[in-house]
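Peer 1: Prediction below, plus the sequence it came from.
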Amino acid sequence: MKHAFLLALNLCLAAAACARPDTVYVTHGAAHTPRVELADGHAIESRPMRGDTLTAGGVCFVRLPRLRLVLCIGQSNMAGRGLMDAGAADTLRSVYLFNGDGFERAAEPMNRYSTVRKELGMQRVGPVGSFAARYAEVTGAPVGVVVNARGGSSIDEWLPGSETDYLAKAVERIRAAGDWGDVAAVLWHQGEADSAHPERYEAKLRRLVGILRTELGNPSLPVVFGEIAHWNWTNRVEGTAPFNAMLRSLRIPHTACVSAEGLAPMKDETDPHFSAASQRELGRRYAEALLKLR
């Protein structure tokens with residue numbers, strides 16, 4: 001693990017030292033660089049990739065080691081609604097974000113490349129960045145996050161039989177990233193749209209987990225899900241307590257539930273969304289939960 005961490009770190013430093021304007025990452029097994037279209041209409045043609053870095057036409061090509069891929073799905077808190085702040089501009093060491101064609105250095109908003117998202121301006125700070133940074137730090141392995149969340153979605157919209165079937169789109173997305181590494185886990189943060197009916201949710205979540213494991217070919221694939229906000233934004237007397245109690249009580253093999261205790265709202269207690277600081281804390285809790293499932 002230490003060797004993998006140092007390799008990823010050295011590759012990142014090599015990328016930073018290369019000529020601008022761009023850095024293009026290539027898979028660990030790539031024999032050639034991809035063809036790159038330039039803004040002026042010209043292109044950098046593919047050429048042999050004999051080492052871990054190659055500079056051509058002002059573009060630095062960097063070969064990444066094999067990534068630990070993590071699929072991050074759910075509704076708005078996974079998509080990220082925390083206000084963009086100074087920390088959101090940072091790229092994350094040893095963390096890469098899937099953009100549909102390949103991976104790039106990860107920075108907020110992490111859900112910007114989602115194939116099912118709402119408008120780009122709604123995508124802000126979520127838990128994915130802090131999760132991946134902590135997970136990479138502890139494991140010493142580079143992390144590739146595939147983020148495909150949809151704000152406002154119910155769990156029914158994620159399951160087969162719905163018109164949307166967001167889960168199929170998420171599976172398609174993580175498969176598209178398959179040449180870059182192996183799927184290490186799925187993070188699921190959703191439930192605000194279903195919080196009034198916790199009694200209906202367990203069977204649906206079990207089904208969702210089962211589909212993911214079947215489609216991704218791993219019956220023990222770790223899945224971590226998180227509680228929704230503890231404050232009562234629902235206008236129901238019972239608030240979110242029954243829903244969160246249901247999540248905590250679930251006993252699905254190779255899964256874990258992350259607490260939202262002590263987290264703060266983005267705006268006020270009429271808002272189900274976590275603040276940027278709380279999103280980052282939530283992400284670190286996701287990482288710690290996944291590390292215990294290893």
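Peer 2: Yes, it's here. Numbers count the residues shown, from 1 in each chain.
Peer 1: make it CA atoms for all contacts and neighbour counts henceforth
Peer 2: Will do.
Peer 1: And the pLDDT for residue 192?
Peer 2: pLDDT, residue 192: 98.
Peer 1: How about residue 87?
Peer 2: In this model, residue 87 carries a pLDDT of 86.
Peer 1: any idea how far it is from residue 22?
Peer 2: Using Cα to Cα, to the nearest Å, residue 87 is found at 22 Å from residue 22.
Peer 1: For the two, indicate the residue with more neighbours.
Peer 2: Between residue 87 and residue 22, counted using other Cα atoms under 10 Å, the more crowded position is residue 22 (15 against 12).
Peer 1: partners of the residue nearest to the more buried one when sequence neighbours are not counted in the sheet?
Peer 2: Once flanking residues are discounted, residue 22 sits nearest to residue 59: 5.0 Å by Cα to Cα, 6 or more residues apart in numbering. The partner list for residue 59 in beta bridges (DSSP bridges) reads residue 22, residue 56.
Peer 1: I'd like to know how many residues surround residue 59.
Peer 2: 19.
Peer 1: do the same with residue 290
Peer 2: The tally of other residues near residue 290 (other Cα under 10 Å) stands at 25.
Peer 1: okay, it: pLDDT?
Peer 2: 98.
Peer 1: same check, this time on residue 14
Peer 2: 47.
Peer 1: Residue 2 too?
Peer 2: At residue 2, pLDDT is 41.
Peer 1: what's the answer for residue 38, then?
Peer 2: On the pLDDT scale, residue 38 is placed at 84.
Peer 1: and the residue nearest to it when sequence neighbours are not counted, what is it in contact with?
Peer 2: Distances taken as Cα to Cα, 6+ apart put residue 44 closest to residue 38, at 7.4 Å, once the chain neighbours are dropped. Residue 44 is in contact with 35, 36, 37, 38, 56, 57, counting by Cα atoms under 8 Å, 6 or more residues apart in numbering.
Peer 1: Tell me which helix or strand residue 146 sits in.
Peer 2: Per DSSP states H and E: residue 146 is located in strand 143-147.
Peer 1: Mind giving me the packing neighbours of that strand?
Peer 2: strand 67-74, strand 95-98, helix 128-139 (3 or more Cα pairs under 8 Å, 6 or more residues apart in numbering; DSSP states H and E).
Peer 1: now the ones you listed in CSV, with mean neighbour count, distance to residue 261 and mean pLDDT?
Peer 2: Shown next, in CSV, are the helices and strands packed on strand 143-147 (neighbours: other Cα atoms under 10 Å; distance: least, Cα to Cα, whole Å; pLDDT from 0 to 100):
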stretch, mean neighbour count, distance to residue 261, mean pLDDT
strand 67-74, 24, 19, 98
strand 95-98, 27, 27, 98
helix 128-139, 22, 17, 98
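Peer 1: In JSON lines, list those along with distance to residue 273.
Peer 2: JSON lines is the format used below for these (distance: least, Cα to Cα, whole Å):
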{"stretch": "strand 67-74", "distance to residue 273": "13"}
{"stretch": "strand 95-98", "distance to residue 273": "23"}
{"stretch": "helix 128-139", "distance to residue 273": "15"}
